[in-house]
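> Everything below, folded, please.
(chains A and B)
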Number of protein chains: 2
Amino acid sequence: MAQDLVIGIDVGGQTTKCGIVDARGTVLSQTVIRSDETDDVVVFIASLAEALNRIISEAGVEGRIRGIGVGAPNGNYYTGTIEYAPNLKWGGAKVLPFARLLSEQMNGIPVSLTNDANAAAVGEMTYGAARGMKNFIMITLGTGVGSGIVINGEVVYGHDGFAGELGHTCAVRHNGRACGCGKSGCLEAYASATGVARTAREWLEMTDEPSSLRSLDRISSKDVYDAAKEGDKLALKIFEYTGRILGEKFADFIEFSAPEAIVLFGGLARSREFLEAPIRQAMDANVLPLWRGKVKLVFSQLKESDAAILGASALAWEL
Amino acid sequence: MAQDLVIGIDVGGQTTKCGIVDARGTVLSQTVIRSDETDDVVVFIASLAEALNRIISEAGVEGRIRGIGVGAPNGNYYTGTIEYAPNLKWGGAKVLPFARLLSEQMNGIPVSLTNDANAAAVGEMTYGAARGMKNFIMITLGTGVGSGIVINGEVVYGHDGFAGELGHTCAVRHNGRACGCGKSGCLEAYASATGVARTAREWLEMTDEPSSLRSLDRISSKDVYDAAKEGDKLALKIFEYTGRILGEKFADFIEFSAPEAIVLFGGLARSREFLEAPIRQAMDANVLPLWRGKVKLVFSQLKESDAAILGASALAWEL
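As a prediction, this is how the structure comes out:
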């Protein structure tokens, strides 16, 4: 029988999503397993292979899997390794030959691996908002800020496979917030879901401004969104600030690779109604005149649960 | 006879350099004409064609020119046009079909055009310090700060042909210096030859620090270099400051495209002895740990007078 299907796997800190995908981008079957129940990658890969074999068998598609694509934090496309990934319980302080180990467990089905944001970019290009685009920058606004850069229709991996760490470019040069990476002032420390919550906590402490957020014990970016929805002025200001910081950095990114569009994806991108205008405004105010008003700002339309699997699966077609 | 030679042309604000180049990168014959004696591009191109025909005839290589490569400010590789180039007397506020006009004047010899920094990058890749490199960023430190970005062995032009304006990314976010482009705080306003002179003038005014520069009427970056050579403390501090600003931005650029090297070229790059250490230090302090100490910082070895011609000529081989 033809090998006409692929598997897409999105490895996250808490959960790993897997799905069988056909050439049209339909997810035929999917499942989710925990990523954080072991600190041994071999144990994790055994449970992943078991889950894959189960959905293959349930869908009755044995022998039809052509390749497996994996999106994972700190994934290196060139080597198929996951390198020093602090967010993965079994991944910190090590270089793990993830693609090779998984392929071995899956009877030699070839495995391609890249970081999660690059996988998302491939997904948008193949099935989503960036279809037909040869030059765009994908920014994932989740717990962190990730990026996948596409130039001339290809994901940029750079000399060592790690290109596209735009979440760690500098947003605030002096006295910036400490970032998880060890640096200060990174875009991620401000414009991620955790960054938004942090802005809220800082501003509540530093000012006396009334806000419905004051009544909460712990504040998440979702709380800030809900408050903004209710017209809470402080919450609205937080999104304006977040959008401005994003737009300022996007101007720099545009001056680097002159993309047709910047595509936003991830949990925080769902706050489009509050982020879009300040991003657009700051982007245009900070970019060279020749690009003002010309670079598209696109919010992903892919269902988030599918997008990660689709993005990773798109990698597998190239195998 | 075989068409085994090309012509390289470097169009600058004051002068335009042209040379006939063979496949080994030897400049067989060259000449320089003024760029600023007319505000009519047609008149300029007529004088350029005359100069080219003269060196072709002097070298006795009629019929052997396979193509012409042009590096010019605001040159667009996709369209062969020079667009709104304020530094060219005949180029402001217009989109000029430079490649087509020159080809017509040169009996249909094909002409390829790109901006000057991209041409320099191609030159370094073909004949210079970046030979064998597939991923590097060329930074030209001259009157302005230009850049040419190479990814997977190809110059990045982006969606519209204008990618690589790293001199106009933001170095100082708030209350930054006005830049010639209309924005404020651009890298170019600090780290160009004019930026260095401006730092000197500002610091002399703002402080009482003794310096041999105080005795000068007008200060150029060369004066600051000469003073630093003599051990002048203020001049040394100016280079430290300039190097730090460059290194901080280089960290951002590395996080974008993960290059093997950053290659520095241009008049100000000759101050290597004062710039290299602070650039290196700031670059490593501001980049993600995975790149610390790993990205090469290379100073161009090409003779500047040849490099511009060689860079532009390298374009012509692809025609």
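> how far does stretch A:75-92 stretch from start to finish?
Taking CA to CA, to the nearest Å, the first and last residues of stretch A:75-92 lie 12 Å apart.
> what does it rub up against?
Outside stretch A:75-92, the residues within contact range by CB atoms under 8 Å, 6 or more residues apart in numbering or on different chains are A:11-13, A:35-41, A:43-44, A:72-74, A:93-100, A:111-116, A:118, A:155, A:157, A:160-162, A:180, B:290. Glycine gets a C-beta too; all of them are placed from N, C-alpha and C.
> if you set the cut-off to 6 Å instead, what comes out?
Applying CB atoms under 6 Å, 6 or more residues apart in numbering or on different chains, the external contacts of stretch A:75-92 come out as A:13, A:36, A:38-41, A:44, A:72-74, A:95-99, A:113-115, A:157, A:161.
> Can you flag which of these belong to helices?
Using DSSP state H, the members of these that fall within helices are A:41, A:44, A:98-99.
> So which of the residues you listed reach chain B?
For chain B, no contacts are drawn from the ones in helices among the contacts of stretch A:75-92 by CB under 6 Å from any CB of the partner chain.
> Reformat those residues into CSV and put neighbour count and distance to A:I55 next to each item.
Below are those laid out as CSV (neighbours: other CB atoms under 10 Å in any protein chain shown; distance: CB to CB, whole Å):
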residue, neighbour count, distance to A:I55
A:V41, 20, 21
A:F44, 26, 17
A:F98, 29, 19
A:A99, 24, 19
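> Among those residues, give me the pair with the biggest separation.
Using CB to CB, the two most remote members of these are A:F44 and A:A99, lying 13.8 Å apart.
> Give me the phi and psi for A:I137.
Torsion angles at A:I137 (phi, psi; degrees, to the nearest 10) stand at phi -120, psi 130.
> before we move on, back to that, ok, so of the ones in helices among the contacts of stretch A:75-92, who is nearest chain B?
When these are ranked by distance to chain B (CB to the nearest CB), A:F98 comes first, at 17.0 Å.
> check contacts around that closest one.
Remark: with contacts taken as CB under 6 Å, 6+ apart, A:F98 is in contact with A:82, A:113.
> got the buried residues for stretch A:97-117?
Of the residues in stretch A:97-117, A:98-99, A:101-103, A:105-106, A:109, A:111-117 count as buried by neighbour count, 16 or more other CB atoms under 10 Å in any protein chain shown.
> Tell me where the stretch 1-150 of chain A has strands.
A:5-11, A:15-21, A:27-34, A:65-71, A:75-76, A:81-83, A:95-96, A:111-114, A:136-141, A:145-151 (DSSP state E, counting those that start in this stretch).
> need those strands in JSON lines with mean pLDDT, can you?
Formatted as JSON lines, the strands of the stretch 1-150 of chain A follow (pLDDT from 0 to 100):
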{"stretch": "strand A:5-11", "mean pLDDT": "96"}
{"stretch": "strand A:15-21", "mean pLDDT": "95"}
{"stretch": "strand A:27-34", "mean pLDDT": "94"}
{"stretch": "strand A:65-71", "mean pLDDT": "96"}
{"stretch": "strand A:75-76", "mean pLDDT": "93"}
{"stretch": "strand A:81-83", "mean pLDDT": "93"}
{"stretch": "strand A:95-96", "mean pLDDT": "94"}
{"stretch": "strand A:111-114", "mean pLDDT": "96"}
{"stretch": "strand A:136-141", "mean pLDDT": "96"}
{"stretch": "strand A:145-151", "mean pLDDT": "96"}
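> what about the residue of the stretch 1-150 of chain A found nearest chain B, distance to A:T207?
Residue nearest to chain B within the stretch 1-150 of chain A: A:N135 (4.3 Å; CB to the nearest CB). Distance of A:N135 to A:T207, computed by CB to CB, to the nearest Å: 42 Å.
> between the two, which one's more packed in?
Neighbours were counted for A:N135 and for A:T207 using other CB atoms under 10 Å in any protein chain shown; A:N135 has more, 21 against 11.
> residue contacts, the closest residue to that one other than its chain neighbours?
Residue nearest to A:N135 in three dimensions, not counting chain neighbours: B:H159, with 4.3 Å by CB to CB, 6 or more residues apart in numbering or on different chains. With contact set as CB under 6 Å, 6+ apart, B:H159 has these partners: A:135, A:258-260.
> what residues does the stretch 1-150 of chain A put near chain B?
So far as CB under 6 Å from any CB goes, the stretch 1-150 of chain A lies against chain B at A:N135.
> 7 Å instead?
Residues of the stretch 1-150 of chain A lying near chain B by CB under 7 Å from any CB of the partner chain: A:135, A:149.
> Show me which parts of the helix or strand hosting A:D223 are buried, residue by residue.
Under the criterion of DSSP states H and E, A:D223 resides in helix A:221-229. Neighbour counts over helix A:221-229 (16+ other CB under 10 Å) mark A:221, A:223-225, A:227-228 as buried.
> likewise stretch A:16-24?
Residues of stretch A:16-24 classed as buried under the neighbour-count rule (16+ other CB under 10 Å) are A:16-21.
> still on that earlier bit, would you check which pair of the buried residues of stretch A:97-117 lies furthest apart?
A:Q105 and A:A117 (25.5 Å).
> residues touching the nearest residue to A:A49 once chain neighbours are set aside, list them.
Take A:A49 and drop its neighbours on the chain: the residue closest to it by CB to CB, 6+ apart is A:Q105, 3.9 Å away. By CB atoms under 7 Å, 6 or more residues apart in numbering or on different chains, the contact list for A:Q105 reads A:45-46, A:49.
> What count of nearby residues applies to the residue of the stretch 51-200 of chain A found nearest chain B?
Residue nearest to chain B within the stretch 51-200 of chain A: A:G158 (2.5 Å; CB to the nearest CB). Look at A:G158: counted by other CB under 10 Å, it has 24 neighbours.
> Now that it has come up, it's in contact with B:N135, right?
Yes. Between A:G158 and B:N135 there is a contact under CB atoms under 7 Å: 5.5 Å.
> thought A:G167 was touching A:G144?
Yes. Using CB under 7 Å as the test, A:G167 is close enough to A:G144 to be in contact (5.6 Å).
> Overlap of the contact sets of these two?
A:E188.
> Buried residues in stretch A:190-205, which are they?
A:190-200, A:203-204.
> what does stretch A:82-97 give?
In stretch A:82-97, counting by 16+ other CB under 10 Å, buried: A:82-85, A:87-91, A:96.
> And it, how far out from the chain middle?
Remark: stretch A:82-97 is offset 17 Å from the chain centroid, using CA atoms, centre = their mean, to the nearest Å.
> how long is that stretch from one end to the other?
With CA to CA as the measure, stretch A:82-97 spans 7 Å from end to end.
> if we can go back for a sec, mutual contacts of A:G158 and B:N135, please.
Residues within reach of A:G158 and of B:N135 at once, by CB under 7 Å, 6+ apart, are B:257-259.
> Just the buried ones out of those residues, please.
B:257-259.
> export these to CSV and tack on secondary structure?
Listed next are those as CSV, based on DSSP: H, G, I helix; E, B strand; the rest coil:
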residue, secondary structure
B:S257, helix
B:A258, coil
B:P259, coil
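> With adjacent residues omitted, what lies nearest to A:R270?
Using CB to CB, 6+ apart, the nearest residue to A:R270 is A:Y225, at 7.7 Å.
> quick one: that neighbour and A:R272 touch, right?
No. If you go by CB under 7 Å, A:Y225 and A:R272 don't touch, sitting 10.4 Å apart.
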